[in-house]
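Peer 1: Coordinates for the following, if possible.
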Amino acid sequence: MTEFFKLGTTLTMSLFSYGIIALIAGITLFSIFTKKHKRPKIVTVFLFVLIFFMVWLLIIVPNNAGIEIKRGEMRISIPLSAKITITPDDIASCKIIDWNENTEYKPAIRTFGTSIGNYRVGNFKLKNGKTAKMLTIGDKAIAIELKNESYLLLLAPKDFDDFVKAVDDNLIEVMTR
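Peer 2: Got it, this is the predicted structure:
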């Protein structure tokens, strides 16, 4: 049985995304209703293209972020960054971390990705100096150390408890401490 866990979004991320799109749409409408001889047509075309690009970047792409788990395999889709497939043989350790208690796994520097509030997607350098590919929402995550890679995977989709159970049942035992 295959289970798919969507990342989801936070209220802050949603407000930010829709706010940017609304701002550009407002500028576009203002541009359309001003006197036509004062602006080139290319400006309106550019603004429409920008609106579609921002909808794609801020709404469609994040909705494709998620983790697919089936017996003996996990596929992680980090938008605009990576698609990773791992098996139990690839995993050195797997544990739950809480950023409120264990600050060494907190992201220190975003190297390629997005972070707004508790929403973190992409590549990050952690406070402990290691690099991580993150797909998280919230204060807890599963930290997966891979045998043959120099980075960690920090994963926490919207329905975190069900995700932990699925990893535990289909992939590898998750250590709680």
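Peer 1: Quick one: name whatever helix or strand follows the lengthiest strand in the chain.
Peer 2: For the chain, the longest strand by residue count, based on DSSP state E, is strand 107-116. Using DSSP states H and E, the helix or strand that follows strand 107-116 in sequence is strand 119-126.
Peer 1: partners of the helix or strand just after that following strand in the sheet?
Peer 2: Following strand 119-126 in sequence order, the next helix or strand is strand 131-137 (DSSP H and E). According to DSSP bridges, strand 131-137 forms sheet pairs with strand 119-126 (antiparallel), strand 151-156 (parallel).
Peer 1: Mind checking the pLDDT average for whichever helix or strand comes after the shortest one?
Peer 2: It refers to strand 151-156. For strand 151-156, the following helix or strand on the C-terminal side (DSSP H and E) is helix 160-170. Helix 160-170 carries an average pLDDT of 93.
Peer 1: which parts of helix 160-170 are buried?
Peer 2: Residues 160, 163, 164, 166, 167, 170 are the ones in helix 160-170 that count as buried (16 or more other C-beta atoms under 10 Å). (Glycine included, C-beta is placed from N, CA and C.)
Peer 1: quick one: contacts for the residue nearest the centre of the chain?
Peer 2: Using C-alpha atoms, centre = their mean, the residue of the chain that lies closest to the mean C-alpha position is residue 121, 2.9 Å off. Applying C-beta atoms under 8 Å, 6 or more residues apart in numbering, we find residue 121 in contact with 7, 62, 65, 78, 79, 81, 113, 114, 115, 134, 135, 136.
Peer 1: how far out from the middle of the chain is the worst-scoring helix or strand of the chain on mean pLDDT?
Peer 2: Within the chain, no helix or strand scores below helix 61-63, which has a mean of 79 by mean pLDDT, DSSP states H and E. Between the centre of helix 61-63 and the centre of its host chain there is 8 Å, according to C-alpha atoms, centre = their mean, to the nearest Å.
Peer 1: Would you mark the buried spots in that helix?
Peer 2: Using 16+ other C-beta under 10 Å as the test for burial, helix 61-63 gives residue 62.
Peer 1: residues making contact with that helix?
Peer 2: Residues contacting helix 61-63 (C-beta under 8 Å, 6+ apart): 6, 7, 9, 13, 17, 79, 80, 121.
Peer 1: what about 6 Å?
Peer 2: Applying C-beta atoms under 6 Å, 6 or more residues apart in numbering, the contact partners of helix 61-63 are residue 79.
Peer 1: So residue 100, which state does it fall into?
Peer 2: coil (DSSP: H, G, I helix; E, B strand; the rest coil).
Peer 1: Contacts only, for it.
Peer 2: Residues in contact with residue 100 (C-beta under 6 Å, 6+ apart) are residue 139.
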